[in-house]
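Participant: Next comes the sequence, and after it the predicted model I'd like to discuss.
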Amino acid sequence: MRVAHPNIRSNLGLEAPLSYGRLLDPDWIDLSVARWWIYECETKHGTLCSQHGWDIALQTLESIRLIDVEKMCLVEHLDMTSACRYVALSYRWSKTKVVLKYENRIEFMEEGSLQKVLDQIPRTIVDAMEVTMELGERYLWVDALCIIQEAGDDEAKAHISMMDRVYSGALVTIVAAPDNTKEGDTDPGLKGVSRHKFITNSDNEGTKREITQPSAEVRDGARIIAPFACRQQLATTAWNSRSWTLQEKLLSRRLLVFSGDEVVWHCRQMIAREDMRNEDSRGTVKPLEWLNLKPKFFDQGTHSHWIDGSVKKDRHGGTHIVRSGTFAEYTKVIEEYTHRQLSFKYDIIRALEGMLQIFGRSFRSDFIYGLPKILLDIAILWKPSRRLRRRISENWSVFPSWSWAGWEGLVCYDDPIDIERDMDGEVIGYRRSRDGEEGIRPLLKWYYWDEKRAKVEALNGHGLGIPLGGSELPSEWDISRPNGLRPGIPDTTGLNLQSYHLIFHTRSVASFQLADIATQNRSGQLLLGGGSSKRQADQVPHRFAIVDSWLRKIGSFVLDGEEPQRLEAERHEFILLAETQLLGLEVNEKLNEEFRYYFVMLVEKDSATGTYARCGLGRVSKEAWRLAEPVSKVIVLG
């Protein structure tokens, strides 16, 4: 219950004030409350809300195009070296006749020009302009009017790659997150925002809200107020299910969320609602979550290569890959991102571009189709959390099968392992941990087709997808190297290479099959087959046993999509990726034997092009792999 009265302490004879509730207008939002939230955040929270841990990674935003809500026009090339305050809008796009193009760019920079087309601007944008002015601010950034909307335009591409700076630099981000949009109405506006400055003929006073705030007078004007019966949580809104909005949420310093019939404030220190004082929400709702990248991840110091992880030496001379703080955040973002919805499939990388800019500065590495080059050996080991479908883009953009961007559906990464060793270096215990060891030893040297140079180039400089200083793998890795991973640039004569191709030497086995884990015959052999017919398309992915030619189980496998179920030697083969460990997961397995398996990828060959596509990942015992007599070959993986 809430108590509301301006003089409640004196009227009731109390020593401490109880007045911390507010009576609200059932139709319109009092935006002076939001202005107070900004003041309180800026004056009381300090750098906790005004500076990101990764601010050091942000490049200076030399210029930006904004809406001047006082002069009703666009302004360009403001001096961003000084403190330029502006508000940003995060919303779901709707059909609009008014977008920024080269043909109207000069016109829209004339004072009053936007007033002339106000009836044609989406209601959500008009309401955001009203909110900006009510907050006492002058400038608003909205993508539809602040980025040139021309297909393939170089300026538009440049602005999309600057989203990290646009949203992180905004004073506050207005979030349009309606929870009850009618069918076909993708532009409901911001409910409860009364238009005083920006009145249109189509909806001259804005869209009223409908709230019920039960209250009763106690005595002398004091009232008892009940909270709203139904609160709309940001996590459950349609806005929070969209791919583009993830980076807008994680990069913003503050959010002013219009959802349902109320406005809610989010920052790193508080969540505040119209009908209660700010302190009441602490401890009950999690404040705004930011990207958790620490300044030390970006401190280059005297190092010439990446310093946030990932390779370490133990006192026994062993080399281990440990999960870096940057990659830990990357895995969280990818898991959150891949279950979200896109209107256009070709936006799968573009909608994350701002986040990748920040990650790239921490990794000291470029990305290749959403995976960091410097940790390609680890990043390529994503796995499906739900059954996936290959991503077929509307504009013929190609996303490779080896990247999560090439699939539709939720993916994740295995958590690392915190391994405890005794004085002699033998494993005596283990547990899953965010900053443990990755549990693999990479073996491959990766190459790709560089379109600009028109040649095969090594990834990560020396070709290894791990941050090793030299070009050679540690001596204790790849005990099977004498049998064959060839060094040097692979021969790709006769192949039509594209930028999405990975090229590498590896070894291959085509004699293995997949078997339903739950089915075996009286001799203990696993039976070949595709698994239970009761599985539904939205359930967990297909899991199989890998069996040899005698149908003995030699490993495990997770299929990315629906096919294949029965393997054909002419089309399918398993290729070697890395050594791996399965501590305690096998019967009678000793903890002191760490790497007894290989990570393998099932690939399918395209007979027309000679290239391969990923079908899924698995683990195979090293002994079974050796007995299968693998052959060395060059793989071009698309």
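Facilitator: It's in. Please read all numbers here as calculations on a predicted model, not as lab measurements.
Participant: gap between stretch 366-377 and the chain center?
Facilitator: 14 Å (CA atoms, centre = their mean, to the nearest Å).
Participant: Next: stretch 258-276.
Facilitator: 24 Å.
Participant: can I get the CA coordinates of that stretch in CSV?
Facilitator: Taking Å, rounded to 0.1, in the frame of the first residue of the first chain, the C-alpha atoms of stretch 258-276 are listed here in CSV:
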residue,chain,number,x,y,z
PHE,A,258,6.7,3.5,-22.2
SER,A,259,5.0,0.1,-21.8
GLY,A,260,1.4,-0.7,-21.3
ASP,A,261,-0.2,2.3,-19.6
GLU,A,262,2.8,3.6,-17.6
VAL,A,263,6.3,5.0,-17.9
VAL,A,264,9.1,3.3,-16.0
TRP,A,265,12.7,4.5,-15.5
HIS,A,266,15.6,2.1,-15.7
CYS,A,267,19.3,2.9,-14.9
ARG,A,268,22.1,0.9,-13.2
GLN,A,269,21.1,2.1,-9.7
MET,A,270,17.3,2.1,-9.7
ILE,A,271,14.0,1.3,-11.3
ALA,A,272,11.4,4.0,-10.7
ARG,A,273,7.6,4.1,-11.4
GLU,A,274,5.2,7.0,-11.5
ASP,A,275,3.2,6.0,-8.5
MET,A,276,6.0,5.3,-6.0
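Participant: going forward can the numbers begin at 56, since that is how I track them
Facilitator: New numbering, starting at 56: the last item is stretch 313-331.
Participant: so who does the closest residue to residue 513 other than its chain neighbours touch?
Facilitator: Excluding its sequence neighbours, the residue lying closest to residue 513 (CB to CB, 6 or more residues apart in numbering) is residue 502, at 5.6 Å. For the C-beta atoms, the positions are set from N, CA and C on the backbone; glycine is no exception. The contact partners of residue 502, by CB atoms under 8 Å, 6 or more residues apart in numbering, come to 511-514, 518, 544-545, 557-559.
Participant: Residue 105 versus residue 502, what's the distance?
Facilitator: Distance of residue 502 to residue 105, computed by CB to CB, to the nearest Å: 44 Å.
Participant: likewise residue 175?
Facilitator: 36 Å.
Participant: Looking at those two, which one has more neighbours?
Facilitator: residue 105 (15 against 11; other CB atoms under 10 Å).
Participant: Is the residue nearest to that one when sequence neighbours are not counted in a helix, a strand, or coil?
Facilitator: The shortest distance from residue 105 to any non-neighbouring residue, by CB to CB, 6+ apart, is to residue 308 (6.4 Å). Secondary structure of residue 308, reduced to three states by DSSP: H, G, I helix; E, B strand; the rest coil: coil.
Participant: Report the separation between residue 308 and residue 497.
Facilitator: Separation of residue 308 from residue 497 (CB to CB) stands at 38 Å.
Participant: which of the two has more neighbours?
Facilitator: More crowded of residue 308 and residue 497, by other CB under 10 Å: residue 497, with 25 against 22.
Participant: now the more buried one: how far from residue 97?
Facilitator: 47 Å.
Participant: Same question for residue 466.
Facilitator: Residue 466 is 39 Å from residue 97, by CB to CB.
Participant: neighbour count winner among the two?
Facilitator: Neighbour count, other CB under 10 Å: between residue 466 and residue 97, residue 466 has more, with 22 against 14.
Participant: Would you map the helices across the protein?
Facilitator: 63-67, 87-95, 102-105, 157-163, 168-171, 178-189, 198-201, 209-215, 218-224, 298-306, 380-392, 408-418, 431-434, 677-682 (DSSP state H).
Participant: related to what we said a few turns ago, filter the contacts of residue 502 to the buried ones?
Facilitator: 511, 513-514, 518, 545, 557-559 (16 or more other CB atoms under 10 Å).
Participant: between those, which is nearest residue 392?
Facilitator: Distance ranking of these against residue 392, using CB to CB, places residue 557 first at 21.8 Å.
Participant: can you pull the pLDDT of that closest one?
Facilitator: Note for residue 557: predicted pLDDT of 96.
Participant: Name the nearest residue to it, ignoring sequence neighbours.
Facilitator: residue 692 (4.4 Å).
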